[in-house]
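pasting the sequence and the predicted model now:
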Amino acid sequence: MKENIYKLDGKISLGQAVPFGLQHILAMFVANITPIFIVAGAAGIGSGQMAKLIQSAMLVAGIGTLIQLFPLWKIGSGLPVVMGISFTFVTVLCFVASTYDYGTAMGAVLVGGIIEGILGLFAKYWRKFITPIVAACVVISIGFSLLNVGANSFGGGNGAKDFGSAKNLIAGTITLLCCFLFHIFAKSYWKQLNVLFGLIIGYIAACFMGMVDFSSVTHSGIISLPQIMPFAPKFNISAIISVTLIFLVSATETIGDTSALAMSGLGREVTEKEIAGSIACDGFVSSLSSIFGCLPITSFSQNVGLIAMTKVVNRYAIGAGAVIMVLAGLFPAVGALLGTLPEAVLGGCTIMMFGTIVASGIQMISRCGFSQRNITIAALSLSVGIGFTQVPEIFSIFPAVVQNVFASNCVAVVFLIALISNLVLPKDMERK
């Protein structure tokens with residue numbers, strides 16, 4: 001029955017499941033691999049190894065989505081949550097990977113994921129402290145912290161010999177314009193594919209300009225299993241503290257995504273069990289991701305928006321998409337092809353995506369209401385968090401561990417200031 005596609009556990013045919021599942025994968029595919037490009041690039045990882053990491057990213061995203069859809073014990077929400085590699089960690093992991101090495105970043109993800117997973121199982125005891133205004137400030141800071149990352153990619157990538165060259169700027173501009181125009185003129189849920197459209201056109205343009213090297217694709221095999229521990233994890237206390245703090249930030253985003261999905265897709269409030277399972281899945285699957293050399297995984301807001309638009313919540317349809325992702329992760333040629341993506345094309349896509357994150361945070365504040373209390377929390381946390389980290393020398397009197405956590409990480413500072421402000425400011429500020 002056709003209406004079963006709009007039911008969580010409705011029975012549907014394979015012919016229905018595959019196209020709807022593929023739609024969800026296409027909506028998040030580019031965003032799923034982009035953090036790998038950025039962090040691996042900061043760590044100086046070559047295109048061959050990067051292709052293997054992209055392969056692993058697809059596999060882990062598929063596994064994480066399946067666990068969310070069909071929980072294992074208390075891990076997973078049972079809701080149509082689509083998982084992918086998180087942008088939230090890009091800033092801190094770029095810092096860790098470039099300051100130490102990629103193995104140190106993986107060790108921090110391994111430990112931080114376990115901590116978030118355990119906290120997720122006990123979410124009912126602490127999630128009341130992460131109010132909507134705190135989450136909104138965090139989302140805005142994430143967007144702002146990534147804007148310079150997108151701009152660097154647009155110019156050709158950090159350290160590129162031809163940074164800011166005409167070729168890079170042309171490729172980035174073509175990609176950005178295609179994303180922008182597709183988003184304006186496309187109809188219905190096709191708007192969700194604006195990034196993919198821009199990437200394809202920008203990639204074709206880059207090929208004509210001689211910016212793409214296919215040598216890694218021709219040397220890749222037909223099928224292979226992703227490599228286990230391609231980078232031996234190393235454990236540095238400063239890196240672990242930094243990354244774990246961002247895992248707490250990620251948990252606030254997951255609470256928001258899961259709550260929004262239940263309300264917009266199912267027309268009801270999310271349950272404590274679903275929240276706990278969703279956060280636990282974030283954490284424990286992120287630790288699994290580090291075993292494959294990948295970044296932390298989280299729920300994807302793009303897919304929450306797609307569900308809100310289409311009302312397709314069927315677990316089996318989205319599960320079909322997750323299976324497609326797992327299968328894609330077994331073919332290294334797919335990862336190698338994606339690894340040929342020029343930085344400038346990536347920048348053209350991401351600069352708009354990162355701006356969208358800022359806009360989403362502003363929308364979240366709007367939903368919270370512009371009360372004196374909310375404005376005070378937002379103004380204080382954003383001004384201190386973003387302002388101080390633009391001048392990292394201001395942290396020079398603090399111990400090295402504090403500097404490593406906060407000096408270059410505006411998301412961590414904004415989260416801490418917003419959390420403290422929310423706890424200490426009186427609830428009835430308007431009457432005072």
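Alright, I've got the coordinates. Numbering: from 1, shown residues only.

any idea how far the most centrally placed residue in the chain is from residue 257?
What sits nearest the mean C-alpha location of the chain, by C-alpha atoms, centre = their mean, is residue 86, with 2.4 Å. Here residue 86 is placed at a distance of 11 Å from residue 257 (C-beta to C-beta, to the nearest Å). Quick note: C-beta positions are derived from backbone N, CA and C, even for glycine.

do residue 78 as well
Residue 78 sits 15 Å away from residue 257, going by C-beta to C-beta.

who has more neighbours out of those two?
When neighbours are counted by other C-beta atoms under 10 Å, residue 257 comes out ahead of the other of residue 78 and residue 257, with 23 against 17.

residues in contact with that one?
Taking C-beta atoms under 8 Å, 6 or more residues apart in numbering as the definition of contact, the neighbours of residue 257 are 81, 278, 299, 300, 301, 304.

narrow these to those in helices?
If you go by DSSP state H, the contacts of residue 257 have 278, 301, 304 in helices.

can you put the residues you listed in JSON lines and add distance to residue 333 and pLDDT?
What follows is those, written out as JSON lines (distance: C-beta to C-beta, whole Å; pLDDT from 0 to 100):
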{"residue": "278", "distance to residue 333": "33", "pLDDT": "94"}
{"residue": "301", "distance to residue 333": "30", "pLDDT": "70"}
{"residue": "304", "distance to residue 333": "31", "pLDDT": "75"}
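
which of the residues you listed has the largest number of neighbours?
Counting by other C-beta under 10 Å, top hit in the ones in helices among the contacts of residue 257: residue 278 with 31 neighbours.

any idea how far that one is from residue 428?
When C-beta to C-beta is the yardstick, residue 278 and residue 428 sit 33 Å from each other.

do residue 120 as well
Computed with C-beta to C-beta, the distance linking residue 120 and residue 428 is 32 Å.

neighbour count winner among these two?
For residue 120 versus residue 428, neighbours defined as other C-beta under 10 Å are more numerous around residue 120 (25 against 8).

now do the host helix or strand of residue 62, average pLDDT.
Per DSSP states H and E: residue 62 is located in helix 47-69. For helix 47-69, mean pLDDT is 88.

summarise which helices and strands it is packed against.
Using 3 or more C-beta pairs under 8 Å, 6 or more residues apart in numbering; DSSP states H and E, the elements in contact with helix 47-69 are helix 14-42, strand 83-85, helix 215-218, helix 272-291, strand 297-299, helix 315-328, helix 332-338.

distance from the chain centre to it, please.
Using C-alpha atoms, centre = their mean, to the nearest Å, the distance from the centre of helix 47-69 to the centre of the chain it belongs to is 13 Å.

do the same with stretch 253-262
Its chain's C-alpha centre and that of stretch 253-262 lie 14 Å apart, by C-alpha atoms, centre = their mean.

over to stretch 17-33?
How far stretch 17-33 lies from its chain's middle: 15 Å, per C-alpha atoms, centre = their mean.

likewise stretch 9-25?
Taking the mean C-alpha point of stretch 9-25 and that of its whole chain, the gap between them comes to 24 Å (C-alpha atoms, centre = their mean).

likewise for stretch 250-265?
Stretch 250-265 has its C-alpha centroid displaced from the chain centroid by 14 Å (C-alpha atoms, centre = their mean).

and residue 328, how close does it get to residue 4?
As defined by C-beta to C-beta, residue 328 lies at a distance of 26 Å from residue 4.

give me the more crowded residue out of those two.
Remark: of residue 328 and residue 4, residue 328 carries more neighbours, 20 against 16, as counted by other C-beta under 10 Å.

surely the more buried one and residue 334 touch.
Yes: look at residue 328 against residue 334 with C-beta atoms under 8 Å: they come within range, at 5.3 Å.

tell me, what's touching the two both at once?
Listed contacts common to residue 328 and residue 334 are residue 58; contacts here mean C-beta under 8 Å, 6+ apart.

need the helices for the stretch 51-200 of the chain, in chain order.
Taking DSSP state H, counting those that start in this stretch as the test, the helices found in the stretch 51-200 of the chain are 90-99, 102-121, 132-155, 166-185, 194-208.

just give the closest residue to residue 262, not the sequence neighbours.
Once its chain neighbours are removed from consideration, residue 262 has its nearest residue in residue 270; the separation is 3.9 Å (C-beta to C-beta, 6 or more residues apart in numbering).

give the contact list for the one you found.
Per C-beta under 8 Å, 6+ apart, neighbours of residue 270: 79, 258, 259, 261, 262, 263.

do residue 212 as well
Under the contact definition (C-beta under 8 Å, 6+ apart), the residues listed for residue 212 are 203, 206, 340, 342.

same thing but 10 Å
171, 203, 204, 206, 337, 340, 341, 342, 345 (C-beta atoms under 10 Å, 6 or more residues apart in numbering).

same deal with residue 20?
If you count contacts by C-beta under 10 Å, 6+ apart, residue 20 has them with 5, 12, 310, 312, 314, 316, 317, 318, 320, 321.
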